[in-house]
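mind folding the following:
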Amino acid sequence: MTIRSSIIPAASATACQPFALTLDQRRFSKALLAAKQRLPELAQAVEIELGRLLHDVEFSIEMNLCQGTGLDSWLAEPGRLLLQCPVLVPTDGYCFFALDFTGVHHLADLALGGQLSKVLPTEDKTELSASELRVCGRVAQRQLLAMQQLLFKEQSALPATAVKQQLEPAKFQYLPLKVRLVLDSEAISWYLWLPLAFFVEQDDSDSKVQLPAVDVAQWPQVPVLCRIEMARKKVSLRQLRECLDGAVLPIELHSAMSLQLNKERLFFGKVAEEANSLVFQITDIVTRE
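The predicted model follows:
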């Protein structure tokens, strides 16, 4: 008889559908799916809006979702600018906009003169000019206004301001996007964090996020080790010795037995008889405050 292994081979693991466990993760997954479907439209809307800011500059916009990237470590490196922009549509919140100093200089060049100048190394220039900060703030605000107009047919984003302290937007609360402004021979990249409310409705704390049903048939049955404690009895060493010689040790079953998974008690139950066999019947679920 062959025993079928419950371990998924590495070659087949990519075909398994991941399942988000927490409500935050499920809401994030739903927003992620909705954002993927709207990315081409969002990129086009941002391209049109920034075209009004960057006069006489031919460019295109590419937009992708960031997953599994070390954006927190990237933000912690020197020569990074992080802006926060208050938004009032669809709900009150913040969006975040980040790029390196090279991107800041290039955006300012395009907005003020149209030609990219030679950029000094980061260690040679640690402060940004007022013009550079103003241009970046307008780029951040303009692209958010364009997205709001596309998604909600209304727009409201206040001017962006620089964030001086190190800050990473909360995980599973924001969708990080990478935006590339592509020129003939150069590309300027930045990151944009959008609240999940841009793509999914704001749920109540006790409401459930609806996701496509998971095909459980594709998942193997995962074995877990449970323990049912039916009785406890304190005995002497003499009584144990007598049991080895064939003596009977009387016991009394608990009125409320428990089923435990590892060290966690999950259910209470009792012993019942079914088809001439003893079985464990759950009578109550362990509740916690």
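
what separates the residue lying closest to Asn262 once chain neighbours are set aside from Leu259, distance-wise?
Closest residue to Asn262 apart from its sequence neighbours, by CB to CB, 6 or more residues apart in numbering: Leu225 at 7.4 Å. For every residue, glycine as well, the C-beta is placed using N, CA and C. The gap separating Leu225 from Leu259 is 11 Å, by CB to CB, to the nearest Å.

Gln281 now?
For Gln281 relative to Leu259 (CB to CB), the value is 11 Å.

list the residues that contact both of these two?
When contacts are counted by CB atoms under 8 Å, 6 or more residues apart in numbering, Gln281 and Leu259 have Gly269 as shared neighbours.

if we can go back for a sec, what's the residue nearest to Asn262 sitting at in phi/psi?
Leu225 has phi and psi values of phi -100, psi 120 when expressed as degrees, to the nearest 10.

that one contacts Lys263, doesn't it?
No: at 11.3 Å, Leu225 and Lys263 do not qualify as touching, with contact defined as CB atoms under 8 Å.

isn't there a strand covering Leu192?
Yes: assigned with DSSP: H, G, I helix; E, B strand; the rest coil, Leu192 falls within a strand.

who does the helix or strand harbouring Ala35 touch, helix- and strand-wise?
Here Ala35 sits within helix 23-51, counting by DSSP states H and E. With contacts defined as 3 or more CB pairs under 8 Å, 6 or more residues apart in numbering; DSSP states H and E, the packing partners of helix 23-51 are strand 60-65, helix 130-152, strand 174-182.

can those go into a markdown table with extra columns for mean pLDDT?
Shown next, in a markdown table, are those (pLDDT from 0 to 100):
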| stretch | mean pLDDT |
| --- | --- |
| strand 60-65 | 96 |
| helix 130-152 | 94 |
| strand 174-182 | 95 |
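
next, format these as a markdown table and append mean neighbour count and distance to Cys85.
Below are the helices and strands packed on helix 23-51 laid out as a markdown table (neighbours: other CB atoms under 10 Å; distance: least, CB to CB, whole Å):
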| stretch | mean neighbour count | distance to Cys85 |
| --- | --- | --- |
| strand 60-65 | 16 | 17 |
| helix 130-152 | 20 | 5 |
| strand 174-182 | 19 | 12 |
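
circling back to that earlier point, of Gln281 and Leu259, who's got more company?
Higher neighbour count among Gln281 and Leu259: Leu259, with 17 against 12, using other CB atoms under 10 Å.

can I assume the more buried one is in contact with Thr283?
No: under the criterion of CB under 8 Å, Leu259 makes no contact with Thr283, lying 10.7 Å away.

name the residues contacting each of those two.
268-269.

which parts of the stretch 101-250 of the chain are helices?
101-112, 130-152, 237-244 (DSSP state H, counting those that start in this stretch).

between these, which gets nearest to Phe172?
Of all the helices of the stretch 101-250 of the chain, helix 130-152 sits nearest to Phe172, with 20.1 Å by CB to CB.

what distance separates that closest one from the centre of its chain?
Distance, stretch centre to chain centre, for helix 130-152: 25 Å (CA atoms, centre = their mean, to the nearest Å).

tell me what it is packed against?
Against helix 130-152 (3+ CB pairs under 8 Å, 6+ apart) you get helix 23-51, strand 80-87, strand 93-100, helix 101-112, strand 187-195.

rounded mean pLDDT for the third one, please.
When pLDDT is averaged over strand 93-100, the result is 93.

which positions within stretch 77-88 qualify as buried?
80-87 (16 or more other CB atoms under 10 Å).

give me the distance between the two termini of stretch 57-75.
Taking CA to CA, to the nearest Å, stretch 57-75 runs 29 Å from one end to the other.
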